[in-house]
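Enquirer: Sequence and computational prediction follow.
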Amino acid sequence: MPQFPMGFCIARRINLRFASILALAIPLNLVATSLTATPLTNGECLLLAQASQRRNVGSVGAPGARGVEGQDGADTDNLTVFSDGSPMTLNLAGRDGAPGTPGAEGSPANCPALDTSQRQDVQMANGSDGGDGGNGGNGGNGGSITIYTRNLNSLNQIFVGAAGGKGGPPGLGGTGGQACQCSQPYWTVENCSGRPGDSGYRCSTEEFRCFNGLNGRDGRSGIAGQDGLTGRLTVLNLDRPLEEDRPGTTVSLDVLKNQGFNLSKNIWETRTGAAQLLAPGSVIADEYLILLDRLERSFLVVWNAPQPFERFANTNVSLTLTGDNQIAPELPGNLWLEGTTQQRNNVTEFVVYNAMWEGDATSLGRLTLSGSGSNLQLSLVDEANQSNLMATKFRLRYRVTNEDPRFRPPSTYTLRYEGEIEDRLVTVNGNQFTIDIGQLPIPPKDLESGTGVEIELVAERTFSGNTAEQKLTIRDLIRSRN
């Protein structure tokens, strides 16, 4: 053990949690009774101190900038050619995506000289992070090609390169900046109290530490761009430009009667093995589309109806090509036509025998009550004068009251009959219907003159598969004659 002069000791530091820095030289005889610690040898003293927070030295530099993303490659335009068997070379490859640029390096920390006169541990500054690399640009799509030919074997004279462009490579991440490093890891500071030579003169040394900074994180590399799509092949078994589909339309009866209308549909099939059709080494998507046929049909209206065509000429009709390659017409709901469809080669003829509007079926009116007893009759008129075209059925509801319904609505009615009218009780004369109510199973007293009645009549009229109902009501007083 080395010998030290009187009044000099070596300090040991103990960290306390709550006090500020305390540097107290305590006599050895007090230490033994107040602290439990490693025994001290002669010439040592104990320094009680709280380690304060580290003092930061230097400053972090700016982080590295992110790399720029690569530009996407351009798509190649689609192309249409007519093949006559002559050799062709067609470059339809998509353009490659540009690479992403690398991220910038992180700036090194700003590192001043270490000051060892300070009574405090030191933390040196960290380096800044490197920038992330930019993503690579996506590759452009290869161009698709449409080839018109009547001979599929002629396609093997055509070389097509329609690969998609390559995705651009990613930029690398930038290197992290360098941190500040300690010029010396430890140093001591001497503290003395009293005057040299005095009995109370004491000195101690205190040790401090320097901690190196951390280098910045390297930036992440970007993401590689995606490759572009390979172009596709379409083959048309035609020697003229393809016409667009017209599988349906809406057109007036006037056009359908005077000139007709054409509908069309292209029939396609998806196949595989496109590269095998073309010259060896061609690059094209495996699936291709081929036109098998073009379906064309016409629709014509033949007007053989006695009704004037001018009443219906401006009415629009919807036409649609069906799954069995026929044209189906769809009439507006208020137009009732009676006719048949006949096929002549690729022409569908719709022959009209009779025509009417739905409103013609609900044009009954002018109800009249006459007679009494078993001779009580109800008459009404078809104001559209179309009864010769339609089947008509009637349902009737017969109610009576003790009041006169001609002057004010009665407060109560009593039901005496409700049901369908048999055809034998209905007489048709031109556009007038007469119903023999007196022949219905109604009590005779409720058919007598002077009885107030309410009759609700429902007419159901049918024409060429179309049906419409009309409800009519009459309130009157039965009289023996009008």
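Expert: Sure, I can see it.

Enquirer: Where does the prediction get shaky in the stretch 101-250 of the chain?
Expert: Across the stretch 101-250 of the chain, not a single residue meets the criterion (pLDDT under 70).

Enquirer: hmm, try it at 90
Expert: Residues of the stretch 101-250 of the chain that meet the criterion pLDDT under 90 lie in 114-120, 150-152, 187-201, 203-206, 237-245.

Enquirer: Report the buried residues of stretch 59-71.
Expert: Val60, Gly61, Pro63, Gly64, Ala65, Arg66, Gly67, Val68, Glu69, Gly70, Gln71 (16 or more other CB atoms under 10 Å). Placement of C-beta: from N, CA and C, glycine included.

Enquirer: pLDDT-wise, what's the bottom of those residues?
Expert: Lowest in pLDDT among the buried residues of stretch 59-71 is Gly61, which has 87.

Enquirer: for it, what are its contacts?
Expert: Taking CB atoms under 8 Å, 6 or more residues apart in numbering, we find Gly61 in contact with Gly106, Ser107, Pro108, Ala109, Asn110, Gly127, Ser128, Gly177.

Enquirer: and the residue lying closest to it once chain neighbours are set aside, how far is that from Cys210?
Expert: The shortest distance from Gly61 to any non-neighbouring residue, by CB to CB, 6 or more residues apart in numbering, is to Ser107 (2.7 Å). Here Ser107 is placed at a distance of 22 Å from Cys210 (CB to CB, to the nearest Å).

Enquirer: Likewise for Gly260?
Expert: In terms of CB to CB, Gly260 sits 100 Å off from Cys210.

Enquirer: So between those two, which is more surrounded?
Expert: Neighbour comparison, Gly260 and Cys210: the larger count goes to Cys210, with 21 against 15 (by other CB atoms under 10 Å).

Enquirer: which one among the buried residues of stretch 59-71 gets closest to Val347?
Expert: Gln71 (57.1 Å; CB to CB).

Enquirer: Just give me the neighbour total for the closest residue to Arg54 other than its chain neighbours.
Expert: Using CB to CB, 6+ apart and skipping the chain neighbours, the partner closest in space to Arg54 is Gln123 (4.0 Å). The local packing of Gln123 (other CB under 10 Å) involves 19 other residues.

Enquirer: tell me which element Gln123 falls in.
Expert: Using DSSP states H and E, Gln123 falls within strand 122-124.

Enquirer: tell me what that strand is packed against?
Expert: For strand 122-124, the elements it packs on are strand 55-57, strand 202-211, judged by 3 or more CB pairs under 8 Å, 6 or more residues apart in numbering; DSSP states H and E.

Enquirer: Just the CA trace of the last one, in CSV.
Expert: This file holds the C-alpha atoms of strand 202-211, laid out as CSV (Å, rounded to 0.1, in the frame of the first residue of the first chain):
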residue,chain,number,x,y,z
ARG,A,202,-7.7,17.5,3.0
CYS,A,203,-7.5,16.6,-0.7
SER,A,204,-9.4,14.1,-2.8
THR,A,205,-9.6,13.1,-6.5
GLU,A,206,-12.8,12.5,-8.4
GLU,A,207,-13.0,10.3,-11.6
PHE,A,208,-15.3,11.1,-14.6
ARG,A,209,-16.1,9.1,-17.7
CYS,A,210,-16.7,9.9,-21.4
PHE,A,211,-19.2,7.9,-23.5
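
Enquirer: Show me what that strand is packed up against.
Expert: Packed next to strand 202-211, using 3+ CB pairs under 8 Å, 6+ apart, are strand 10-14, strand 44-48, strand 122-124, strand 186-193.

Enquirer: helix or strand right after it?
Expert: strand 233-236.

Enquirer: what pairs with that next one, and is each one parallel or antiparallel?
Expert: Here strand 233-236 has these sheet partners by DSSP bridges: strand 145-148 (parallel), strand 287-303 (parallel).

Enquirer: Report the rounded mean pLDDT for the longest one.
Expert: In this case it means strand 287-303. On average, strand 287-303 scores 93.

Enquirer: cool, and stretch 444-457?
Expert: Computed over stretch 444-457, the average pLDDT equals 94.

Enquirer: Now find how far off-centre that stretch is within its chain.
Expert: Centroid separation for stretch 444-457 versus its chain: 66 Å, with CA atoms, centre = their mean, to the nearest Å.

Enquirer: Endpoints of that stretch, how far apart?
Expert: Distance across stretch 444-457, first residue to last, is 20 Å (CA to CA, to the nearest Å).

Enquirer: Could you list the buried residues of that stretch?
Expert: For stretch 444-457, by 16+ other CB under 10 Å, it's Asp446, Leu447, Thr451, Gly452, Val453, Glu454, Ile455, Leu457.

Enquirer: what does stretch 229-247 give?
Expert: Leu229, Thr230, Gly231, Arg232, Leu233, Thr234, Val235, Leu236.

Enquirer: Convert it to PDB, retaining C-alpha atoms only.
Expert: The C-alpha atoms that make up stretch 229-247 are tabulated as PDB, following Å, rounded to 0.1, in the frame of the first residue of the first chain:
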ATOM      1  CA  LEU A 229     -47.200  -6.700 -68.700                       C
ATOM      2  CA  THR A 230     -46.600  -8.600 -71.900                       C
ATOM      3  CA  GLY A 231     -48.600  -7.600 -74.900                       C
ATOM      4  CA  ARG A 232     -51.500  -9.700 -76.200                       C
ATOM      5  CA  LEU A 233     -52.500 -11.000 -79.600                       C
ATOM      6  CA  THR A 234     -55.900 -10.700 -81.300                       C
ATOM      7  CA  VAL A 235     -56.600 -12.500 -84.600                       C
ATOM      8  CA  LEU A 236     -59.500 -11.600 -86.900                       C
ATOM      9  CA  ASN A 237     -60.600 -13.900 -89.600                       C
ATOM     10  CA  LEU A 238     -61.500 -10.900 -91.800                       C
ATOM     11  CA  ASP A 239     -60.000  -8.900 -94.700                       C
ATOM     12  CA  ARG A 240     -61.900  -5.700 -93.800                       C
ATOM     13  CA  PRO A 241     -62.000  -3.600 -90.600                       C
ATOM     14  CA  LEU A 242     -64.000  -5.100 -87.800                       C
ATOM     15  CA  GLU A 243     -67.400  -3.400 -87.100                       C
ATOM     16  CA  GLU A 244     -68.600  -2.800 -83.600                       C
ATOM     17  CA  ASP A 245     -71.100  -5.000 -81.900                       C
ATOM     18  CA  ARG A 246     -74.700  -3.800 -82.000                       C
ATOM     19  CA  PRO A 247     -76.600  -6.500 -80.100                       C
END
